[in-house]
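S.K.: Okay, sequence plus prediction incoming.
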Amino acid sequence: MDRECNSVLIPRSPPQLQPGKIDVGIIKLIHQDPEGHLVFWRNHDRKGDWHNKSIKVCDLECEIAKIENQLLEDCYMTVNSFTKSQNGHYRVKSMLHSLNACFSDLDCYKVGLGFEEARVAIQDRAKKHQIPNPSIIASSGRGMYLFWLLERLDISNFETVSLYQRVQSQIYETLKDLGADIQARDVCRVLRIPGSYHLKADRQVSYALNQDEQGQMPRHHLYELADFFSVAFQPKPNAKKIQSTRIDREIIEKVSDGPLPPGCLLQKKLPIADSPEKKVALAHIRELCNIAEKRGGIKRGCRHNFLWIYANRLYVLGVPISGLADYLLEMNAYGCDPPLESKDVFYASSGVKRYLSDPSGRIYQRNSSSIAELLKVTAEEVEQYNLKNIIPSEVKYRRRCECAERKMRRWMERTEKQRMMVKMIEGSEKEGVVAGRRELAKALGVAPQTITNWKRLMSIPMNPRGRPRHSGNSKT
């Protein structure tokens, strides 16, 4: 977001709502994804009545008409959308479907401010570019709600939700002197429904669009808000740096420093892989290009993840952060179907820059199974595309089981042969003949040295007298 070009928006007065009428239009303006589920929450759970209720956004008008009388007093709704619950868990972070808005709950009455005084203070801060222009300003009965509606974005990456929470925390830090509620920051937060009634304050909750003179309401991108508040990605606390000692040596042996395979999507020349980490990154880049080619382009749902992983691998390979955008734009044009808009590629590039800008200088990387999960690589694709590195965890598990089964078969065969060797030695002793290791090796189909090793392992003497002998012909 360009702070210099922000135009100050003048909030309209809250509309005069009909008594006993829920403002469905405002709710649908916040929840734009028709496939998401909006969760209503009531503080009073009467016997036989509901406490949480999940409604699909596309069925909102029909369903609200059935329960509108139950939503009129002290009822709340989620700001963000969730997936349909099957086990009674409605507002859980793991079930998040879409991020709809950043928000702040200002308890301005606690700092001695009325609603109009708080609105003037917000307008003044917007003029001074201390906060972005809100999309909606609402009267919650005793306090104020501020909403910054978001453009739709992919939340399959945990980094996106983490960035959202950090932006929320920064909004609280900016507005805490106006009574911002420290609890109103998480993605599962509920706020009062527009048009409902606040019993303690004896007032109706009203939402007002913050429109400019042309009647336009601002919508923001999450990355724009992150840039405005100077919020950067932070890796997970348990993320570990990949050390050279943990690099798969089989991957390194399969990678050469030559050009990428013919027909590869990548047109730019890559830096030379002169270290184990860089060779693994080059192996991943090769297979990313291979997947994009064989699929006919990365489809919707995986494009942001694909570009993010691609940028991370390029950075590990030695491409400077300042040059990532050119590589991403080219790969977006060649490897995504349909290609993302240029602004989305820019947001992905800026997000990678924030994520990789770790003050400690460490480079955080995803393992091969995580990359395969983000790109939705199947077991069939592993066989068809001849993938060696980007392999789903279930394929790795199956291969480990097959390897363990082969080891078990070899162990059982070896054990059976050792038993046969003992029986042959015991049989030869009964006949008064010493079985030599060459005869035993020929009978069992193993090397003579293997017979010697087995005898030593099992504490079996070389002959009945305990002295080594080379054949069964004994001298008298």
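M.R.: In hand now; what should we look at? Numbers count the residues shown, from 1 in each chain.
S.K.: contacts and neighbour counts: CA atoms only from here.
M.R.: Will do.
S.K.: Which residue is the nearest non-sequential neighbour of residue 172?
M.R.: Spatially, and ignoring its direct neighbours in sequence, residue 172 is nearest to residue 180 (5.9 Å; C-alpha to C-alpha, 6 or more residues apart in numbering).
S.K.: So in terms of bridging, what pairs with that neighbour?
M.R.: Taking DSSP bridges, one obtains residue 106 as the residues bridged to residue 180.
S.K.: Read off the pLDDT value for it.
M.R.: pLDDT for residue 180: 92.
S.K.: shouldn't it be in contact with residue 169?
M.R.: No. Residue 180 lies out of contact with residue 169 (C-alpha atoms under 8 Å); the separation is 10.6 Å.
S.K.: between these two, who's got more neighbours?
M.R.: residue 180 (24 against 18; other C-alpha atoms under 10 Å).
S.K.: which residues of this structure score low on pLDDT?
M.R.: Counting by pLDDT under 70, the low-confidence segments of the chain come to 1-20, 44-49, 85-89, 156-158, 232-269, 347-366, 432-434, 462-476.
S.K.: Show me where it has its strands.
M.R.: Applying DSSP state E to the chain gives strands spanning 37-42, 52-56, 75-78, 81-82, 96-98, 101-106, 136-139, 144-149, 190-192, 197-198, 203-204, 206-209.
S.K.: who does the longest helix that the chain contains touch, helix- and strand-wise?
M.R.: Using DSSP state H, we find that the single longest helix of the chain is helix 393-430. With contacts taken as 3 or more C-alpha pairs under 8 Å, 6 or more residues apart in numbering; DSSP states H and E, helix 393-430 sits against helix 437-444.
S.K.: now the angle between helix 393-430 and the helix it packs on, please.
M.R.: 130 degrees (axes from the mean of the first three to the mean of the last three C-alpha atoms, to 10 degrees).
S.K.: hmm, who's touching helix 437-444?
M.R.: 417, 420, 421, 424, 447, 448, 450, 451, 452, 470, 471 (C-alpha atoms under 8 Å, 6 or more residues apart in numbering).
S.K.: List only buried entries from the residues you listed.
M.R.: With neighbours counted by 16 or more other C-alpha atoms under 10 Å, these contain buried members at 417, 421, 424, 448, 451, 452.
S.K.: Which of these sits closest to residue 406?
M.R.: residue 417 (16.5 Å; C-alpha to C-alpha).
S.K.: nearest spatial neighbour of that closest one, skipping sequence neighbours?
M.R.: Once flanking residues are discounted, residue 417 sits nearest to residue 444: 6.5 Å by C-alpha to C-alpha, 6+ apart.
S.K.: Outline the domain layout of the protein.
M.R.: Structural domains annotated on the chain: 3-228, 244-394, 404-476, as defined by automatic domain parsing.
S.K.: Now do the shortest one: distance to the chain's middle.
M.R.: For domain 404-476, the distance between its averaged C-alpha position and the chain's averaged C-alpha position is 57 Å (C-alpha atoms, centre = their mean, to the nearest Å).
S.K.: which residues touch the residue nearest to residue 172?
M.R.: 104, 105, 106, 107, 108, 172.
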